[in-house]
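[1] Provided below for reference: sequence and predicted model.
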Amino acid sequence: MHSRLEDDAQYEWCRQWEEEHRRKITRKKQKKIRRVQHWCNCKLYVKYAWYEFRAMMKG
């Protein structure tokens, strides 16, 4: 038979673990999003630079 105190302690531990886990997952997602955004910005910049270059060559 479990005591109420043990149950509370276990519940608290589970809750803290879940919070920590959620924080890690969120951090990973944010990193991934940042990387994707950086890649999109890079592609846009290269595209723009290419158009500028072609316009310059045409005169």
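    Received it, and whenever you're ready, just let me know what you need.
[2] for H21, see how far away the residue positioned nearest the centre of the chain is.
    Closest residue to the average C-alpha location of the chain: Q30 at 1.5 Å, with CA atoms, centre = their mean. Counting by CB to CB, to the nearest Å, the gap from Q30 to H21 is 15 Å. Just so you know, the C-beta spots here come from the backbone N, C-alpha and C atoms, and that holds for glycine as well.
[3] Y11 now?
    Relative to H21, and taking CB to CB, Y11 is found at 16 Å.
[4] check R27 too.
    Distance from R27 to H21, counting by CB to CB: 11 Å.
[5] and the helices in this protein?
    For the chain, applying DSSP state H gives helices covering 4-58.
[6] how about low-confidence regions in it?
    Within the chain, the stretches with pLDDT under 70 are 1-2.
[7] kindly recompute the last result at 50.
    For the chain, no stretch is flagged by pLDDT under 50.
[8] number of nearby residues for I25?
    Residues within reach of I25, counting by other CB atoms under 10 Å, total 10.
[9] how about R15?
    10.
[10] now swap in Y45 and tell me
    Y45 has 10 neighbouring residues, counting by other CB under 10 Å.
[11] look up how far W39 lies from it.
    For Y45, the distance to W39 equals 11 Å [CB to CB].
[12] what do you get for I25?
    To W39, I25 is 21 Å away according to CB to CB.
[13] residues in contact with stretch 11-31?
    The contact list for stretch 11-31 (CB atoms under 8 Å, 6 or more residues apart in numbering) is empty.
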